[in-house]
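Novice: Give me the fold of what follows.
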Amino acid sequence: MKVEFLLDVLKPHQPDSYIVAKELMKITGVSRVSIRVDELDQKTASLHIHIVGNNLSLEEITETLGTNNCALHSVDEVICEEMD
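Specialist: As a prediction, this is how the structure comes out:
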């Protein structure tokens, strides 16, 4: 099953978004990660992270974000699609 998550995430300035994207790409089944900075302040960045893949685990995504000092604020969108 193809799964897409749109996540609202709070991240400190380090690690940078590129590192977070690379770490998320290591999760089994992930085929695409897109990160957009929504808001930036002195210590943190609010991000919208779009993750696409097959049979994704939100728990594993949340764990990966946590190991990169990121906090999941909300799951703003979930799309599940049967693949032929």
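
Novice: ok, the residue sitting nearest the centre point of the chain - contacts?
Specialist: Nearest to the mean C-alpha position of the chain, counting by C-alpha atoms, centre = their mean, stands residue 49 at 4.4 Å. Shown in contact with residue 49 (C-beta atoms under 8 Å, 6 or more residues apart in numbering): 5, 6, 7, 9, 20, 24, 33, 34, 35, 36. To be clear about C-beta, it is placed using only N, CA and C from the backbone, and glycine gets the same treatment.

Novice: can you redo those residues as a markdown table with secondary structure, pLDDT and distance to residue 65?
Specialist: Formatted as a markdown table, those follow (DSSP: H, G, I helix; E, B strand; the rest coil; pLDDT from 0 to 100; distance: C-beta to C-beta, whole Å):
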| residue | secondary structure | pLDDT | distance to residue 65 |
| --- | --- | --- | --- |
| 5 | strand | 98 | 11 |
| 6 | strand | 98 | 14 |
| 7 | strand | 98 | 8 |
| 9 | strand | 98 | 6 |
| 20 | helix | 98 | 7 |
| 24 | helix | 98 | 8 |
| 33 | strand | 98 | 11 |
| 34 | strand | 98 | 15 |
| 35 | strand | 98 | 11 |
| 36 | strand | 98 | 15 |
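
Novice: among the residues you listed, which two are most distant?
Specialist: 6 and 20 (15.2 Å; C-beta to C-beta).

Novice: of those two, who's got more company?
Specialist: Using other C-beta atoms under 10 Å as the criterion, residue 6 and residue 20 rank with residue 20 on top: 21 against 15.

Novice: Count the residues that sit near the closest residue to the more buried one other than its chain neighbours.
Specialist: Among residues not flanking residue 20 along the chain, residue 68 sits closest, at 5.2 Å (C-beta to C-beta, 6 or more residues apart in numbering). Counted with other C-beta under 10 Å, residues neighbouring residue 68 total 18.
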